[in-house]
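missing the sequence, but the structure's below:
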């Protein structure tokens, strides 16, 4: 869905180096970063939240971000969203999730981002997808994203947990470490073959 599409801003790069790592976590999602990384500026966090809510103010967004202490890039955040689907008729949970992913891909294309790579897999009662995008118009920044999506058994909403990391095209190593460390957990998921009914 469009609320999952977040703004990309161009920032200066920071060379990656090996350091001790700290785990950044919110409910259902975590990833590790160098332990000297600092919280992302609150203004940036609020910009990202507003971008996630831009097409649907009812979207619930929780987010925690980190960046290097002396540079603005690379930077990362973990995010959890809850989106209420608008259904005209009962639909299988799997199709609701697939529809959400198709809307996300459409929003990425419309925003002028180029899809560099994409993978997807089925997990128990959920879907996981990872993709890398870059802007066609601004400096060569890569957005590395992995997310898990499921329909809540009680909430009847689409839940997503995501790890996102941005870096310059020629310095992807730290973002790859962040993504490789990800833990994405679906909880209280509706079985994929069960129908979700309109409200």
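Looks like it arrived, so ask away. Fair warning: this is a prediction, and the values are worked out from it, not measured in the lab.

any idea which helix is longest in the chain?
helix 93-110 (DSSP state H).

ok now that one, how far from the chain's centre?
Using Cα atoms, centre = their mean, to the nearest Å, the mean C-alpha position of helix 93-110 is found 13 Å from that of the whole chain.

try stretch 26-39
On Cα atoms, centre = their mean, the centre of stretch 26-39 falls 14 Å from the chain's centre.

how about stretch 25-44?
13 Å.

also stretch 127-135?
The answer for stretch 127-135 is 8 Å, by Cα atoms, centre = their mean.

next: stretch 127-143.
11 Å.

averaged pLDDT, that stretch. What do you get?
Averaged across stretch 127-143, pLDDT comes to 86.

reduced to three states, what does residue 44 come out as?
Secondary structure assignment for residue 44 (DSSP: H, G, I helix; E, B strand; the rest coil): helix.

so what's the residue count around it?
Using other Cβ atoms under 10 Å, residue 44 is surrounded by 18 other residues. Quick note: C-beta positions are derived from backbone N, CA and C, even for glycine.

is it true that it touches residue 65?
Yes - look at residue 44 against residue 65 with Cβ atoms under 8 Å: they come within range, at 7.1 Å.

helix or strand right after the longest helix of the chain?
With elements assigned by DSSP states H and E, the helix or strand that comes after helix 93-110 is strand 113-123.

how about residues contacting the next helix or strand after that following strand?
Proceeding N to C from strand 113-123, the next assigned helix or strand is strand 126-135, under DSSP H and E. Strand 126-135 is contacted by residues 8, 10, 94, 97-98, 101, 108, 112-122, 140-150, 169, 179, 184, 186, 189, 192 when judged by Cβ atoms under 8 Å, 6 or more residues apart in numbering.

before I go, just wanted to say thanks for your time.
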